[in-house]
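Participant: Below: sequence and its predicted model.
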Amino acid sequence: MHTSTYIPPQPTANAVPVGNRLSALQLIDRSRQGLVGTEAGHIASLLAITDKEMARLLNQSVATFHRQAKAGRLDAATSERLLLLNQLATYGATVFQDQGKFTRWLRRPLRLLGERTPLDLLDSLTGIQLVDDILGRIEYGVFS
């Protein structure tokens, strides 16, 4: 079983923008264009997760994840999820002012989430939004 963390690929002309939140329409357009397969590895490294964990977040088997990571373009649904995860990783690093602190927080069980970790919820679009909302609360000092 292969569970190593992906090494980030070199940025390409179609790379996911780092540090910029996409508008809803930009997100839709980028998703429909499809991301380059290697972007999945880049985003996995931002989240400090293994390929097995990334496959789970994308609701895929590890074999499918590996096959898609080598593909030219990803489908719209996978691209959308990756774009949202990228935005979340960038936002989390901004809120915590450190990528490492953010990725450690992702693995910490939270009472607010019924003792689940934020990472446990990132396999659904609703979970991604919930984690994003919690980050907003932390950023503005209303986290309870």
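Facilitator: Good, I have the coordinates. All values reported here derive from a predicted model rather than from experimental measurement.
Participant: Could you pull up the contacting residues of Lys70?
Facilitator: 37-38 (CB atoms under 8 Å, 6 or more residues apart in numbering). (Glycine included, C-beta is placed from N, CA and C.)
Participant: Please spell out which residues along the helix-or-strand element of the chain with minimal mean pLDDT are buried.
Facilitator: When each helix and strand of the chain is scored by mean pLDDT, DSSP states H and E, helix 62-69 comes last, with a mean of 84. If you call a residue buried by 16 or more other CB atoms under 10 Å, then helix 62-69 has these buried ones: 62, 65-66, 68-69.
Participant: distance between the helix or strand just after that helix and the chain's centre?
Facilitator: Later in the chain than helix 62-69, the nearest helix or strand by DSSP states H and E is helix 76-96. In terms of CA atoms, centre = their mean, to the nearest Å, the centre of helix 76-96 is found 4 Å from the chain centre.
Participant: What is helix 76-96 packed up against?
Facilitator: Packing partners of helix 76-96 (3 or more CB pairs under 8 Å, 6 or more residues apart in numbering; DSSP states H and E): helix 24-33, helix 39-47, helix 99-106, helix 125-139.
Participant: picking that back up, between the buried residues of helix 62-69, which is nearest Asp29?
Facilitator: Gln68 (20.2 Å; CB to CB).
Participant: right, and the closest one touches Leu74 too?
Facilitator: Yes. Using CB atoms under 8 Å, Gln68 makes contact with Leu74 at a distance of 5.8 Å.
Participant: circling back to that earlier point, how about the helices and strands packed on helix 76-96 in CSV, adding mean neighbour count and distance to Leu58?
Facilitator: What follows is those, written out as CSV (neighbours: other CB atoms under 10 Å; distance: least, CB to CB, whole Å):
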stretch, mean neighbour count, distance to Leu58
helix 24-33, 13, 13
helix 39-47, 24, 7
helix 99-106, 17, 16
helix 125-139, 15, 12
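Participant: CSV for those helices, including mean pLDDT and distance to Glu53?
Facilitator: Shown next, in CSV, are these (pLDDT from 0 to 100; distance: least, CB to CB, whole Å):
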stretch, mean pLDDT, distance to Glu53
helix 24-33, 92, 22
helix 39-47, 91, 8
helix 99-106, 96, 10
helix 125-139, 95, 14
